[in-house]
Structures are given as C-alpha cells and as structure tokens.
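Trainee: Model the following, please.
(one chain, ligands or ions: 2)
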Amino acid sequence: MSDLSAAFEATYGAAPAGVWAAPGRVNLIGEHTDYNGGFVLPMAIPYAARAAVRPRTDGVLRFFSEQGDGEVTSVAVDSLAPGSVPGWAQYPAGVVWALREAGHDVGGADVYLSSDVPGGAGLSSSAALECVIAIAYRDLHGLGLDATELALLAQRAENAFVGVPCGMMDQMASTSCEEGAALFLDTRDMSSRQVPLELVGQGLRLLVIDTRVKHDLGDGAYAELRAGCERAAALLGLAALRELSLDGLPGALDQLPAELRPLVHHVVTENRRVERAVEHLTAGELAELGPILTAGHASLRDDYRVSCPETDLAVSAAVEAGALGARMTGGGFGGSVLALVRAEALEQVAAAVTTAFTAAGYAEPRTFAATPAAGAHRIS
Ligand code: ADP
Ligand code: MG
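Mentor: Numbers count the residues shown, from 1 in each chain. Ligands and ions are numbered 1, 2, ... in the order given. Purely as a prediction, here's the structure:
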C-alpha cells in the first residue's frame, strides 16, 4: 500500500489533516442472527481500509480510492440523497449523508482511500470503507460519537443510502473490536463485551479461506430469509426470534408452517452456539470452539441453506486435513470459510483445501491466518 499522505498530496495538492484506519472482520460464530436481535462474535482482521482526509469549507466532497475506478468522484454535500452517487463512492458518501441526516453540522472533504480488505469476500470491505469515514469525520469535527453510534450511522449509510439491508454486525466489529479479543455483541440492545482470544498462546491459528466465489442469488435470498424470520417471529407473537429459547424451540416449531421451521431452528441453535463459544473462550478453552464452528456450518448448510458447493468443500477438506473445526462466515453463497487449526497444521490444512479446489475445478482459494486486530483508529 502506498504512503497515503504522499498519495493524498499528489492527488489534492495539499497535506491531509490526518489518516485513519478501519478493519474488516470475520465472524467466529453467530451467522444470520444480527437481524433477529441475537448474538454475534466477530473479530477484526489485520486488513483495513485507510483514509487520508482534509476537510473543505466549500461544501464539496471528493473521493479517490486506489481500488476504485481511477477517477476522483466529486459531489456537493447539499445534493447528497440516496441514489445520487454512482458506484463505489456511495459507501463513503453515504456516511457523510447519514451524519448530516442525524443533525451533525459537517461539510465537505477531500478523501484518499486505500484498502487491503479483499472485496466481496464476506470480510466486510464495505463496512471498513464506511467506518473509516465515520471515525475520520468524528475526529475532524469533534463529534463525540462513541463506537456504537459510529457503527449505527455507518449501517444507516449502507441500508438507506447504498440500499443494502445489512444488519449492524459488520460496522460494530469494525468500530468496536480490540486487538487480541473477539466482540460478543448482543444485537437486541447493542451491549457488547470483549472476549479474550489468545490464539497464539494456545498454539492455535484461525485460517481464513477466501473461496473467491460469490453466487448472484445471494442478494435476493438474504431479503427472503430475513422476511421469513420476521414472519416466523410474528406468527409466534415475538418481537424477534431472539426471544425464543432452546427449551421453547420444539413447541414453537409445532406452531409454524414447514418452510419456516428450519430458519427458526438455525437462529435459535446458532444463538446458543454463540453463548457456548463465549463460555469456552472465557474459560480459556479455545480448542472447544472447533466443534461449535463445524456444527454452525452444518446448520447454515442444512437448515438455513446459504452454503454452496465451494464453501462446503473448503469446510470438509479443512476438517479432513486436521482442522479442529470450520464453517462458512458471512452471509453465504460463497465468500470465506474460517477454520480453527493447530499452528503446526496450518500449512497442511491450507494446502489440502487448495488441492481439493484444484481437483474440483474451482479457482485457487486465497488463504491467510488471521489474528484478532484493533478496531477503527487514527493512524496519524
Ligand atoms: P464485502 O463487504 O463482503 O467485502 P460488499 O459487496 O458488501 O462485500 O462490498 C463490496 C463493495 O464495497 C465493492 O463492490 C465496492 O463497491 C466497495 N468497496 C470496498 N472496498 C473498496 C475500496 N477500497 N475502494 C472502492 N470501493 C470499495
Ligand atoms: Mg459488505
């Protein structure tokens, strides 16, 4: 990645006021629970979006991204409205819009972006892009917003400005995670707690496998699944599926039409898996996370039906090669797989997945070991 300050100056002709970073994330466990008021357990990865920013006083907003379209996108803050900004720049522009919608008196800026979060891999490159703008604006304008408030503004940008109906996990992970820890987040009230994740001390690694596939049916399916969960909650007289306990599950399933039962079964058992994972991590029993990951994958594959042949193969190949557990992470239909492995087995598991992909005729996956990194912060 380039020297961002120098690149900013070369593009805009003056030095930036500061440089900020906001990471991508992987979710350890708790998938498709964040729009059901449930639990999630993400950690930040050591890949981030970085932004060099300088405020402007003339109400003009200019964005350039090293991973964008090679153009500077220029827009007047007064004219920001959903649908008004084309292409990738709608993510950062949406955050400025959301801040102004929320009553913050913020204006234009020159922004130079660069991100090493792989895009479209289920690692939240979009949230990283939003959150780095949110935190830069907070600091430059002295907005006094905390990490949760920043995340909610970034989520509003993605929901209402970009038009993606995502939950708030990605943005919360990007603003709130801490190095060496996972974030146990209760999406019902946004309360959260850092849970220590001392992988290296226990001789463990988290292998992230980016399958490099993204099946198109994902977008429509997400909205349908979400609507199915809301319908099930309404039929059960609940505000959200989160209110249903594991004990209450069999009785509840009896009251639901057949097509909604697997959705409810996944959400309720997944919430319990998050709680069990947190119990084990808190007790320092990190290896116990393995079987929970694999059970979570089976639930996403068989009940929620959001896995695909590539993620299923990555999981089975990793587990056969000695991973303690593995699962798809992110919304599904491609994206990335997470495997918990002993340090000495890291290379062997990564190689086994690559070999299995080649044998199946799939593109070579991208693999990396992820340690829990810091959330959004100012660099200079
Ligand atoms: P994910 O968040 O899982 O990576 P999304 O589809 O939600 O996938 O977001 C990917 C989109 O975010 C890209 O198509 C692009 O529009 C935008 N994006 C992410 N990072 C960058 C970047 N560094 N520069 C420009 N656009 C980016
Ligand atoms: Mg995204």
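Trainee: Might you report the residue contacts of Ser126?
Mentor: Tyr91, Glu158, Val162, Val164, Asp170 (CB atoms under 8 Å, 6 or more residues apart in numbering). Using the backbone N, CA and C atoms, a C-beta is placed for each residue, glycine as well.
Trainee: ok, and what's touching the worst-scoring helix or strand of the chain on mean pLDDT?
Mentor: Least confident helix or strand of the chain, by mean pLDDT, DSSP states H and E, is helix 218-235 with a mean of 92. By CB under 8 Å, 6+ apart, the list of residues contacting helix 218-235 from outside reads 32, 35-36, 165, 239-241, 243, 255-257, 259-260, 263-264, 267, 304, 306, 331-334.
Trainee: what's the following helix or strand after the biggest strand by length in the chain?
Mentor: Longest strand of the chain, by residue count under DSSP state E: strand 42-55. Using DSSP states H and E, the helix or strand that follows strand 42-55 towards the C-terminus is strand 60-65.
Trainee: So which bits of stretch 195-209 are buried?
Mentor: Under the neighbour-count criterion of 16 or more other CB atoms under 10 Å, stretch 195-209 has Val195, Leu197, Leu199, Leu204, Arg205, Leu206, Leu207, Val208, Ile209 buried.
Trainee: the inter-axis angle of the strand or helix carrying Ala136 versus strand 60-65?
Mentor: Assigned by DSSP H and E, Ala136 belongs to helix 125-141. Here helix 125-141 runs at an angle of 140 degrees relative to strand 60-65 (axes from the mean of the first three to the mean of the last three CA atoms, to 10 degrees).
Trainee: Dump helix 125-141 to CSV, restricted to CA.
Mentor: Below are the C-alpha coordinates for helix 125-141, written out as CSV (Å, rounded to 0.1, in the frame of the first residue of the first chain):
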residue,chain,number,x,y,z
SER,A,125,-14.7,-4.4,2.9
SER,A,126,-17.8,-2.2,2.7
ALA,A,127,-18.1,-1.7,6.4
ALA,A,128,-14.4,-0.9,6.6
LEU,A,129,-14.9,1.8,4.0
GLU,A,130,-17.9,3.3,5.8
CYS,A,131,-16.3,3.1,9.3
VAL,A,132,-13.1,4.8,8.3
ILE,A,133,-15.0,7.8,7.0
ALA,A,134,-17.2,7.8,10.1
ILE,A,135,-14.3,7.9,12.5
ALA,A,136,-12.3,10.5,10.5
TYR,A,137,-15.4,12.8,10.5
ARG,A,138,-15.9,12.2,14.2
ASP,A,139,-12.3,13.3,15.0
LEU,A,140,-12.1,16.2,12.5
HIS,A,141,-15.4,17.7,13.7
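Trainee: so does that helix get close to ligand 1?
Mentor: Yes: contact between helix 125-141 and ligand 1, assessed by CB under 6 Å from any ligand atom, occurs at Ser125, Ser126, Leu129.
Trainee: what about stretch 152-164, distance to the chain center?
Mentor: Offset of stretch 152-164 from its chain centre (CA atoms, centre = their mean, to the nearest Å): 14 Å.
Trainee: circling back: what about ligand 1: which of the contacts of helix 218-235 touch it?
Mentor: Okay, of the contacts of helix 218-235, nothing touches ligand 1 (CB under 6 Å from any ligand atom).
Trainee: picking up where we left off before, in helices only, show me the buried residues of stretch 195-209.
Mentor: If you go by DSSP state H, these have nothing in helices.
Trainee: now the residues you listed as TSV including pLDDT and distance to ligand 1?
Mentor: Output for these, formatted as TSV (pLDDT from 0 to 100; distance: CB to the nearest ligand atom, whole Å):
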residue	pLDDT	distance to ligand 1
Val195	98	23
Leu197	97	21
Leu199	95	23
Leu204	98	25
Arg205	98	22
Leu206	98	17
Leu207	98	18
Val208	98	13
Ile209	98	15
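Trainee: Tell me the one of the residues you listed nearest Ala22?
Mentor: Val208 (18.1 Å; CB to CB).
Trainee: what residues are up against the closest one?
Mentor: Val26, Ile45, Leu123, Thr329, Ser336, Val337, Leu338, Thr367, Phe368, Ala369, Ala370.
Trainee: Ignoring the adjacent residues along the chain, who's closest to it?
Mentor: Spatial nearest neighbour of Val208, excluding adjacent residues (CB to CB, 6 or more residues apart in numbering): Ala370 at 5.0 Å.
Trainee: Run the chain-centre distance for stretch 81-91.
Mentor: With CA atoms, centre = their mean, you get 20 Å for stretch 81-91.
Trainee: Can you pull out the low-pLDDT segments for the stretch 201-350 of the chain?
Mentor: Across the stretch 201-350 of the chain, the ranges flagged by pLDDT under 70 are 217-218.
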